[in-house]
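Colleague: What follows is a predicted protein model with its sequence.
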Amino acid sequence: MVHPGPDDEVGTTSRASRYVEVTYTGRAAHAAGAPHEGVDAADACVVARTALGLLRQHLPDGTRLHGIVTEGGARSNIVPGRARMSRQLRSDTLAELEELWPRVRACCEAGALATGCELTLTRPPPPTPTCVRTPG
């Protein structure tokens, strides 16, 4: 495995890595005129991100979860009908990564369940190792 960096190193470790794209589809509505008609997709992201944050404290050393919200609405006066997140999962081994995936999926499903949104998860590509620098 080769990874670009400022110096040459031998003996670095790598982690298995998997990306997943998360899309919530709700129903847009006017936030002042008829908010009760909306199904807030951005709220689904908030629930999922909170659940993932709580999950992190129970993960083994070497396991990482990170990601960003890539779409969450276009105007403050509109209940967002669609929201998206990009997440990355990393573990020291492929087996640990496979054990992690159902737990992450459940956190994303919680966002949909809590808000009434539809959830679409891209089918994650096969996990791949990524380079991690070792201290020293």
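Modeller: Arrived safely. No experiment lies behind these values; they were computed from the predicted model shown.

Colleague: Every contact and neighbour count from this point should use C-alpha atoms.
Modeller: Will do.

Colleague: ok, now how distant is the residue nearest the centre of the chain from residue 98?
Modeller: Centrality entry for the chain: nearest residue to the mean C-alpha point is residue 87, 2.9 Å, by C-alpha atoms, centre = their mean. As judged by C-alpha to C-alpha, to the nearest Å, residue 87 and residue 98 stand 15 Å apart.

Colleague: tell me the secondary structure for residue 99?
Modeller: Here residue 99 is recorded as helix under DSSP: H, G, I helix; E, B strand; the rest coil.

Colleague: can you pull out the helices in this structure?
Modeller: Using DSSP state H, the helices found in the chain span residues 41-56, 94-115.

Colleague: Quick one, which of these gets closest to residue 81.
Modeller: Evaluated over these, closeness to residue 81 peaks at helix 41-56, with 5.4 Å, by C-alpha to C-alpha.

Colleague: Dump that closest one to PDB, keeping only the CA atoms.
Modeller: Included here for helix 41-56 are C-alpha records, laid out as PDB according to Å, rounded to 0.1, in the frame of the first residue of the first chain:
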ATOM      1  CA  ALA A  41     -35.200  15.500   6.500                       C
ATOM      2  CA  ALA A  42     -32.600  17.600   8.200                       C
ATOM      3  CA  ASP A  43     -34.000  16.500  11.500                       C
ATOM      4  CA  ALA A  44     -33.400  12.900  10.500                       C
ATOM      5  CA  CYS A  45     -29.700  13.800  10.000                       C
ATOM      6  CA  VAL A  46     -29.600  15.300  13.500                       C
ATOM      7  CA  VAL A  47     -31.000  12.200  15.100                       C
ATOM      8  CA  ALA A  48     -28.600   9.900  13.200                       C
ATOM      9  CA  ARG A  49     -25.600  12.100  14.000                       C
ATOM     10  CA  THR A  50     -26.600  12.100  17.700                       C
ATOM     11  CA  ALA A  51     -27.000   8.400  17.700                       C
ATOM     12  CA  LEU A  52     -23.600   7.900  16.000                       C
ATOM     13  CA  GLY A  53     -22.000  10.200  18.500                       C
ATOM     14  CA  LEU A  54     -23.400   8.200  21.400                       C
ATOM     15  CA  LEU A  55     -22.200   5.000  19.700                       C
ATOM     16  CA  ARG A  56     -18.600   6.200  19.400                       C
END
